[in-house]
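> show me how the following folds:
(chains A and B)
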Amino acid sequence: MNHDQAERLLSARLDGERISPRAAAALESHLESCATCRAFERGAYRLREATRFQLAPAVPDLVDEVMAAVSAEAGAERSKVRVLRPSIPSRRRGMLPRLVPLVAALVVGAIVGSLLVGGPWRDPVAESALAAEDVSEGIAAAAVRLDAYQATFAMSERNLSPQVPVRELTMGVWFEAPERFRLDVVDHTAYPDPTTPTDLRLVVDGSDWYSAGPAPCPSATCPTRESVVRNRLPFSTTAPIPTDLVLPLSTFAQPDGIRVLGRGTLLGHQAVRVEVPFERAEALFPFLSLGGDWRPFFARDRVRVWLDERNWFPLRWDVFPAPSAERDAWELRFGMPDESAREAVFSAVALDVDLNVPDGSVFDIPMGADASDQGARPIDLADVSRLAGFEPVAPGRVAGLDRYRVVLPSGGANGTLVAYADGVAYLTLGETRTWDADAPFGPIGLQAEEIPLSGGGVAYFEPATAGAGRRLAIHAAGTDLYLESNLPRAALLAAAAELPVEGLPMPESWRVRQVAGATVQRVPLGGARELVPFPVELPRVLPAGFGVASAEVVEAGARTGVTVYLRDREADAGIGTIRLHLEPATSLPPATSATQSIVRIGDATGRYTPDRAQLEWVRDGLYHSLDAPGLALVDLLAIAGSMGPEPPA
Amino acid sequence: MNDPDPRTLARARDGDLGAFEDLVRQFQGDVWRFAYHVTRDRSLADDVTQEAFLRAFRFLRGFRGDSKFSSWLFRITRNCAMDQIRARNVHFERVTPLSGPTTDPQARVELHAALDAVSAEHREPFLLVEVFGLSYQEAADVLGVRVGTIKSRMHRARRAMMDALEIEEDAR
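Numbers count the residues shown, from 1 in each chain, chains lettered A, B, ... in the order given. A predicted model of the protein is given here:
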């Protein structure tokens, strides 16, 4: 066998083509004695990596355009749809194609799309396009302006059950800044059998919080469950106000992953239509958790939201099933009928919206229900130092928001909580002088991202979650501060930088801990690279908005590994923390789950464990483990395939 | 590349626009990328993608399933791309750099230069097999050549690309 023949066989084998056993044997014996052909094989793998990682351009979404042309051809549209493509440079940053659809704002798409789904978009007002950043920035700017609001919506829901294919409900929403809110849902469905209607109410008036709805029960008529919270903490996340219904600040804080579909007129308002996956838009569905019966939604269902272009409140939102095999499997699991990706399974449409201050009685809270007490004692700022025992950090304004409430959280003398608000924007500032736990003050984890503040010092940051705002802990000499806000990350960091304290790095007692016989030490990423005798590779491809949050060196006996935590920088929309562990090893550890399967990662053989969403492989003497609760195998493979020694941009 | 659900395909063949939209969603990324690699021009790739799906819709009734749907669609895409190139008399020198932050720009330029260094005859099978994961048979279906031809072109394309990128210089 000569080089040429051997290389042809190698090439075919590399491509997964079948070669005869005799040829394979001849190839092996040739390879043993031929360095040139071995080098060809290695080179071909390197070429494969270079090609696969570098030839993945950002792909535009052309579905709406293609379908416009196709429907015009099919004669499905009587009206002549003229397809033109405005050339709008995309301002989007890069992202993993499978995770986040890449799209420029396609105006034609919006008009045509609505012709297909029957939306209210008759008016092709579309001289200029909006980018996702414009939507995020517009909402953030509007947050401090919106002082009052009232609206009524008609809602319809499909496929609650085979007996109830469609439900009709109405929803009333009232808001007065900063902390008065009411939500009423009235169920108008004519049920075929005796059923407790999904009638809900949520009322918040500053320190009082009330919710009522049918309790879950096995019989046809369920009792109403009422909950009351007194002495509520300002902007409490356990007794929350779903202000995204009024202004979707948390849903659209992060421009990545927002798809701008177009503009038009709805209810007489100039409006922009955008799309996000359901997991990002959950804050627009607060009623789902208030009680009663609701259909389930799939995390990647597409929520299309019409936003008022001046004040940015939602005028309409519809849920369209995700067009994917995973969605089909999910339907089976939940016993749902086959749902078409083109038919909305849920719609909320505004009947009227205005910015007038609601009548005060709207926020009256029914008396009598059993109340729980959060113990937040409202106090005058003048009394704080006397009652708390110290002079708290409490500027008159923070991040452009006015100070409006000061409380002692547990009524005791060990902390203060100062709330700032304007419109639907808020920031709370907690402080204690007696913090002695081995972790940051407030709900901030040990893996939180360390961020240098512009005024000097550092703070530890956690992205927003479904139940909490963006959070920041500052550990300073003699005091510990905790900030939480629905403002964007940059605004929160700027506010922290203005505070008259200098944040210290985590003390050693927080950074170093013993876990199951191993010593875990939090280190800067650069420090990890110096501490371990192997290259710390990082993925070049990550979900949109993700970056390195922190790193740890793990030492157990003679073994040393590195764990890197990657997180969304603004808000966790269900993916969670991506955890990457690297450690010298020549083979995978023994299998631990019956559902594991073998996968190929580049030229390495790896293992996928679905119940932990974990991918493991060994390459160049290094064991790699990659996991993230909210990622599918295809996403994990894309991330794993992009691993290299350079840090992500 | 996965082929579509046969039920979706059957519905699309019967003129169901919704089913066809599902196909567009599933394949637009691959079609666009292939069109881009053939035309080397983003806006041409957009036009080719749209035209390819339009032709696919037109001719779907004639698709008999002799080859995989994805091979059939790629063949249409390639034909559309060739038509566009001929119509616009596009020269391959006019390469629009790709945007996308996931890769090192320098490396990307080099890879594109390497792709330019091989002839279209070798570049196409290389892209179909290496980038789009087609089997030799599927690539042969797309390009209308024999499997043996794909095999030897793949080998020569690899050799030429590696030389252009100066891969494995250590062993030579």
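> make it CA atoms for all contacts and neighbour counts henceforth
Will do.
> need the nearest residue in space to A:Ala551, chain neighbours excluded.
With CA to CA, 6 or more residues apart in numbering or on different chains as the criterion, A:Ala551 has its nearest non-adjacent residue at 4.3 Å, and that residue is A:Val564.
> could you report the distance from the one you found to chain B?
Using CA to the nearest CA, to the nearest Å, A:Val564 is found at 19 Å from chain B.
> beta-bridge partners for that residue, please?
Beta-bridge partners for A:Val564, by DSSP bridges, are A:Ala551, A:Leu580.
> how many neighbours does it have?
A:Val564 has 27 neighbours, counted by other CA atoms under 10 Å in any protein chain shown.
> so it sits against A:Arg579, correct?
Yes - if you go by CA atoms under 8 Å, A:Val564 and A:Arg579 touch, sitting 5.9 Å apart.
> quick one: least confident helix or strand in chain B?
Taking mean pLDDT, DSSP states H and E as the measure, chain B has helix B:105-117 as its least confident helix or strand, at a mean of 64.
> after it, next one along is what?
Using DSSP states H and E, the next helix or strand after helix B:105-117 towards the C-terminus is helix B:120-126.
> measure the closest residue to A:Val418 other than its chain neighbours to chain B for me?
Nearest residue to A:Val418 in three dimensions, chain neighbours excluded: A:Val406, at 4.5 Å (CA to CA, 6+ apart). If you measure A:Val406 against chain B using CA to the nearest CA, the figure is 46 Å.
> tell me the contacts of A:Val406?
Residues near A:Val406 by CA atoms under 8 Å, 6 or more residues apart in numbering or on different chains: A:Pro378, A:Ile379, A:Asp380, A:Leu381, A:Thr416, A:Leu417, A:Val418, A:Ala419.
> what about the nearest residue to A:Gly206 once chain neighbours are set aside, distance to chain B?
In this structure, A:Gly206 finds its nearest non-sequential neighbour in A:Glu179, 5.0 Å apart by CA to CA, 6+ apart. According to CA to the nearest CA, A:Glu179 stands 42 Å off from chain B.
> and what of A:Ala348?
23 Å.
> returning to that earlier point: shouldn't the residue nearest to A:Val418 be within a helix?
No - assignment of A:Val406 by DSSP: H, G, I helix; E, B strand; the rest coil gives strand, placing it outside any helix.
> contacting residues for A:Asp244?
Counted by CA under 8 Å, 6+ apart, A:Asp244 has contacts A:Ser250, A:Thr251, A:Ala283, A:Leu284.
> spatially central residue for chain B, please.
In chain B, the centroid-proximal residue (CA atoms, centre = their mean) is B:Phe34; its distance is 2.8 Å.
> can you tell me the helix or strand for that one?
helix B:17-39.
> for that helix, what is the distance to the chain centroid?
Here the centre of helix B:17-39 is set off from its chain's centre by 10 Å, with CA atoms, centre = their mean, to the nearest Å.
> now do stretch A:457-464
Centre-to-centre, stretch A:457-464 and its host chain are 17 Å apart (CA atoms, centre = their mean).
> quick one: residues in contact with it.
Residues from elsewhere that reach stretch A:457-464 (CA under 8 Å, 6+ apart): A:250, A:444-445, A:448-453, A:469-475, A:486, A:489, A:502-505, A:568-572.
> pLDDT weak spots in chain B?
Chain B contains residues with pLDDT under 70 at B:1, B:87-110, B:168-172.
> just the helices in it please.
For chain B, the helices defined by DSSP state H occupy B:6-13, B:17-39, B:42-59, B:69-88, B:105-117, B:120-126, B:136-143, B:147-165.
> a markdown table please, covering those and showing distance to chain A.
A markdown table is the format used below for the helices of chain B (distance: least, CA to the nearest CA, whole Å):
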| stretch | distance to chain A |
| --- | --- |
| helix B:6-13 | 11 |
| helix B:17-39 | 6 |
| helix B:42-59 | 5 |
| helix B:69-88 | 14 |
| helix B:105-117 | 6 |
| helix B:120-126 | 10 |
| helix B:136-143 | 7 |
| helix B:147-165 | 5 |
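> of these, give the one that comes closest to A:Gly264.
Evaluated with CA to CA, the helices of chain B place helix B:17-39 nearest to A:Gly264, the distance being 23.4 Å.
> same for that closest one, what does it pack against?
helix A:63-74, helix B:6-13, helix B:42-59, helix B:69-88 (3 or more CA pairs under 8 Å, 6 or more residues apart in numbering or on different chains; DSSP states H and E).
> what helix or strand does A:Gly213 sit in?
strand A:208-214.
> the following helix or strand past that strand pairs with which strands?
Next helix or strand after strand A:208-214 toward the C-terminus (DSSP H and E): strand A:224-230. Strand pairing for strand A:224-230, determined by DSSP bridges: strand A:208-214 (antiparallel), strand A:371-373 (parallel).
> list of residues touching strand A:224-230?
The contact list for strand A:224-230 (CA under 8 Å, 6+ apart) reads A:207-215, A:239, A:369-375.
> mind giving me the PyMOL select for the residues you listed, buried ones only?
Here is the PyMOL command that selects the buried residues among those (16 or more other CA atoms under 10 Å in any protein chain shown):
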select buried, chain A and resi 207+208+209+210+211+212+213+214+215+239+371+374+375
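> residues contacting residue 30?
Picking chain A for this. A:Met1, A:Ala6.
> I was after chain B.
B:Phe132.
> check the one 4 residues further on too.
Contacts for B:Phe34 were tallied using CA under 8 Å, 6+ apart; they are B:Phe74, B:Thr77, B:Arg78, B:Leu127, B:Leu128.
> quick one on the thing from earlier: could you check the angle the helix holding B:Phe34 makes with helix B:6-13?
Here the directions of helix B:17-39 and helix B:6-13 differ by 90 degrees (axes from the mean of the first three to the mean of the last three CA atoms, to 10 degrees).
> got the angle for helix B:17-39 vs helix B:69-88?
In terms of direction (the same axes, to 10 degrees), helix B:17-39 departs from helix B:69-88 by 60 degrees.
> and helix B:17-39, what's buried?
B:17-39.
> can you check stretch A:570-587 too?
The neighbour-count check on stretch A:570-587 (16+ other CA under 10 Å) flags A:570-585 as buried.
> please apply the same query to stretch A:354-369.
Buried residues in stretch A:354-369, counted by 16+ other CA under 10 Å: A:Pro358, A:Phe363, A:Ile365.
> and which of the residues you listed is nearest A:Pro524?
Nearest member of the buried residues of stretch A:354-369 to A:Pro524, counting by CA to CA, is A:Phe363, at 49.1 Å.
> what sits against that closest one?
A:Phe363 makes contact with A:Arg180, A:Phe181, A:Arg182, A:Val203, A:Val204, A:Asp205, according to CA under 8 Å, 6+ apart.
> surely the last one and A:Phe181 touch.
Yes - A contact is recorded between A:Asp205 and A:Phe181 when judged using CA under 8 Å, the distance being 6.7 Å.
> so for the two, which sits in the more crowded spot?
Each of A:Asp205 and A:Phe181 has its neighbours counted (other CA under 10 Å); A:Phe181 has more, 26 against 21.
> can you pull the contacts of the more buried one?
Going by CA under 8 Å, 6+ apart, A:Phe181 touches A:Val173, A:Trp174, A:Phe175, A:Leu202, A:Val203, A:Val204, A:Asp205, A:Ile241, A:Phe363.
> give me that answer again for 6 Å
Each residue near A:Phe181 by CA atoms under 6 Å, 6 or more residues apart in numbering or on different chains is listed here: A:Trp174, A:Phe175, A:Val203, A:Val204.
> who touches the strand or helix carrying the third one?
Pointing back at A:Val203 there. Assigned by DSSP H and E, A:Val203 belongs to strand A:200-205. Residues outside strand A:200-205 that contact it (CA under 6 Å, 6+ apart): A:Arg180, A:Phe181, A:Arg182, A:Leu183, A:Asp184, A:Val185, A:Trp209, A:Tyr210, A:Ser211, A:Ala212, A:Gly213.
> list the buried residues in the helix or strand harbouring A:Ala528.
Using DSSP H and E, A:Ala528 sits within helix A:525-531. Neighbour counts over helix A:525-531 (16+ other CA under 10 Å) mark A:Leu525, A:Ala528, A:Arg529 as buried.
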